[in-house]
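Asks: Give the three-dimensional model of this entry:
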Amino acid sequence: MGCSVAFEEQCCVDVTANRNRLMKGANWFKNGFTVSLLKTGKRLLLAVMFMALSGAMSAQTIYYWIGGTSGNYNDGNNWSTTVGGSAVGSNPGTNNSIVFVVDGADISSAPGLQTGNVTIRLPNNNMKNGGWRIVNNANVTLNHSSTNNARGLTLDDQTGIELLVETGCVLDVSYMWRIILSNNSSSEINGELIINGNTYTWNNNSVMVTVNGTITNTGALISSSTSTLRFNPSSVYNHDRYGGAIPTAVWDATSTVNVNKISNATLAGFNQTFGNLNLNGADITWNRIVSLSGHTVVQGNFYIRGSSPRTLTLLTGDFNFTVNGTTTIDNYGVINDDNINRLNRFDGLVTIAPNGSFNVSPGVSEFRGGNNKQRYIY
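Replies: Model prediction:
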């Protein structure tokens with residue numbers, strides 16, 4: 001018995017619908033597989049890129065000092081690839097990308113943990129390294145065998161902090177050496193950096209020196225700017241040299257500048273906004289004068305003293321002098337404020353010791369915090 005026309009048409013419709021569903025499923029599988037493959041490929045590509053980057057970072061060579069309390073930089077027996085490990089045995093050379101680390105927890109390859117201050121004698125020529133790290137309470141002096149040739153140590157790693165002095169650590173750089181930070185380099189001083197001579201050029205806008213600890217300057221010239229040198233809260237700058245200049249920087253309100261060496265040589269760099277400012281003339285043997293070189297603001301406290309019977313005088317001259325905190329004029333300290341064209345302001349209490357003096361013309365100083373004057377001269 002044959003099929004009716006209606007039944008045959010229905011069969012055709014059903015076959016066509018099933019074929020369309022199968023084709024749609026096949027297309028879905030194909031497209032889904034393609035999308036899945038693309039996503040997987042992207043993940044694989046990212047993974048390869050990450051591994052390549054990690055490999056490049058891990059490829060950075062680090063040498064640890066194992067030379068004990070004293071030794072030569074160019075002796076391969078004084079360096080290891082691990083703390084307290086075996087010596088690399090070969091001279092690292094003076095032009096490399098190695099990061100050199102002095103770890104105060106162990107400074108030798110001898111059995112047990114060896115500690116102590118370290119002196120590293122640098123070669124008699126300019127050097128270029130990746131970086132230097134002074135860590136774990138290490139106290140390090142970078143010395144120089146020559147006394148008549150100034151040398152430079154350029155740090156050029158550019159993958160992190162090129163010069164790091166950790167909290168509790170000291171790095172003392174010989175007066176014949178200077179540390180040069182190349183473009184895009186940075187330095188973090190959390191312990192103490194002592195610079196003894198030469199010129200430190202830190203005014204390239206791509207350089208950043210951050211001080212959370214102390215910089216002590218016993219004879220260097222620092223060329224810097226507010227974009228490249230920053231003294232953070234509770235940091236300290238000790239100016240332990242005659243003359244020269246206080247470096248240009250951003251000074252936090254709780255940072256401190258100590259000027260401890262004062263002579264007849266001109267001391268520049270006062271045209272800034274400081275945190276605390278101390279002019280300490282305890283070792284002067286003659287009457288000395290420090291003159292402002294521009295408008296000066298002390299956000300914290302100001303202190304000045306001389307040494308019996310010699311006076312140390314701050315001469316404000318033709319510039320404004322503002323102290324937001326307290327002002328202490330200790331024995332044989334003097335503030336000479338006699339320029340009627342400027343107005344100096346003291347927001348906190350002004351205390352003047354029996355042998356201290358404040359020489360001021362009427363109307364040129366404003367005392368907002370009062371004064372405790374044991375001796376006051378107009």
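Asks: what's the burial count for N124?
Replies: 13 (other C-beta atoms under 10 Å). In short, each C-beta sits where N, CA and C put it, glycine included.
Asks: Could you verify my assumption that G160 touches G131?
Replies: Yes. Between G160 and G131 there is a contact at 7.4 Å, judged by C-beta atoms under 8 Å.
Asks: When these two are compared, which one has more neighbours?
Replies: G131 (25 against 15).
Asks: partners of the more buried one in the sheet?
Replies: Per DSSP bridges, the residues bridged to G131 are V99.
Asks: Can you give me the pLDDT of it?
Replies: Looking at G131, its pLDDT is 95.
Asks: Tell me who's in contact with it.
Replies: 99-100, 155, 157, 160-164 (C-beta atoms under 8 Å, 6 or more residues apart in numbering).
Asks: Find the centremost residue of the protein, please.
Replies: Of all residues in the chain, the one closest to the mean position by C-alpha atoms, centre = their mean is T210, 2.6 Å from it.
Asks: Distance-wise, check the nearest residue to P309 once chain neighbours are set aside relative to I304.
Replies: Spatially, and ignoring its direct neighbours in sequence, P309 is nearest to Y332 (7.1 Å; C-beta to C-beta, 6 or more residues apart in numbering). For Y332, the distance to I304 (C-beta to C-beta, to the nearest Å) stands at 9 Å.
Asks: that older thread, go ahead and build a PyMOL selection from the buried members of the contacts of G131.
Replies: What follows is the PyMOL syntax for the buried subset of the contacts of G131, where burial is set by 16 or more other C-beta atoms under 10 Å:
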select buried, resi 99+100+155+157+161+162+163+164
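Asks: Please, where are all the helices along the stretch 151-300 of the chain?
Replies: Using DSSP state H, counting those that start in this stretch, no helices are assigned anywhere in the stretch 151-300 of the chain.
Asks: Can you pull out the low-pLDDT segments for it?
Replies: 158 (pLDDT under 70).
Asks: Next one: D103 from T201, what distance?
Replies: Relative to T201, and taking C-beta to C-beta, D103 is found at 29 Å.
Asks: Please identify which of these two sits among more neighbours.
Replies: D103 (20 against 16).
Asks: is that one in a bridge, and if so with what?
Replies: Residues in a beta bridge with D103, per DSSP bridges, are V135.
Asks: Could you verify my assumption that it touches N136?
Replies: Yes. In this structure D103 lies within contact range of N136 using C-beta under 8 Å: 5.1 Å.
Asks: got a pLDDT number for L122?
Replies: pLDDT, read off for L122, is 93.
Asks: Next, work out how far apart it and L267 are.
Replies: Distance of L122 to L267, given as C-beta to C-beta: 31 Å.
Asks: so who does S307 touch?
Replies: 281-285, 332.
Asks: make that T327, sorry
Replies: 301-303, 335, 346, 348-351.
Asks: On the pLDDT front, check N20 for me.
Replies: For N20, the model assigns a pLDDT of 49.
Asks: same check, this time on V360
Replies: pLDDT, V360: 78.
Asks: Identify the residue nearest it in space, chain neighbours excluded?
Replies: V360's closest residue in space is D337 (C-beta to C-beta, 6+ apart), at 4.4 Å.
Asks: quick one, what contacts that neighbour?
Replies: Applying C-beta under 8 Å, 6+ apart, we find D337 in contact with 316, 321, 344, 358-361, 364-365.
Asks: What's the local residue count around the nearest residue to T326 once chain neighbours are set aside?
Replies: Take T326 and drop its neighbours on the chain: the residue closest to it by C-beta to C-beta, 6+ apart is G348, 4.0 Å away. Residues lying near G348 (other C-beta under 10 Å) number 20.
Asks: Please apply the same query to N143.
Replies: 17.
Asks: Torsion angles phi and psi at it?
Replies: The phi and psi torsions at N143 (degrees, to the nearest 10) take the values phi -100, psi 180.
Asks: just checking, the residue nearest to the centre of the chain touches R230?
Replies: Yes. Between T210 and R230 there is a contact under C-beta under 8 Å: 5.3 Å.
Asks: Out of the contacts of S307, which comes closest to T218?
Replies: Lowest distance from T218 to those (C-beta to C-beta) belongs to D283, with 13.7 Å.
Asks: Please list all residues in contact with the closest one.
Replies: Residues counted as contacts of D283 (C-beta under 8 Å, 6+ apart) are 260-261, 307.
Asks: How is the chain divided into domains?
Replies: Here the domain parsing of the chain from automatic domain parsing is 62-261, 270-378.
Asks: List the beta-bridge partners for I335.
Replies: L314, F358.
Asks: residue contacts, it?
Replies: I335 touches 304, 313-314, 316, 327, 329, 357-360, counting by C-beta under 8 Å, 6+ apart.
Asks: Tell me the spacing between it and L349.
Replies: According to C-beta to C-beta, I335 and L349 sit 14 Å apart.
Asks: How about N95?
Replies: Taking C-beta to C-beta, one finds N95 at 57 Å from L349.
Asks: Name the residue in these two with the higher neighbour count.
Replies: L349 (16 against 12).
Asks: Partner strands of whichever strand or helix holds R345, with direction?
Replies: According to DSSP states H and E, R345 maps onto strand 344-346. If you go by DSSP bridges, strand 344-346 pairs up with strand 321-323 (parallel), strand 365-367 (parallel).
Asks: Point out the most buried one among those.
Replies: With neighbours taken as mean count of other C-beta atoms under 10 Å, those reach their highest mean count in strand 321-323, at a mean of 22.
Asks: quick one: contacts of that one?
Replies: Contacts of strand 321-323 (C-beta under 8 Å, 6+ apart): 292, 295-298, 301-302, 314, 337, 344-348.
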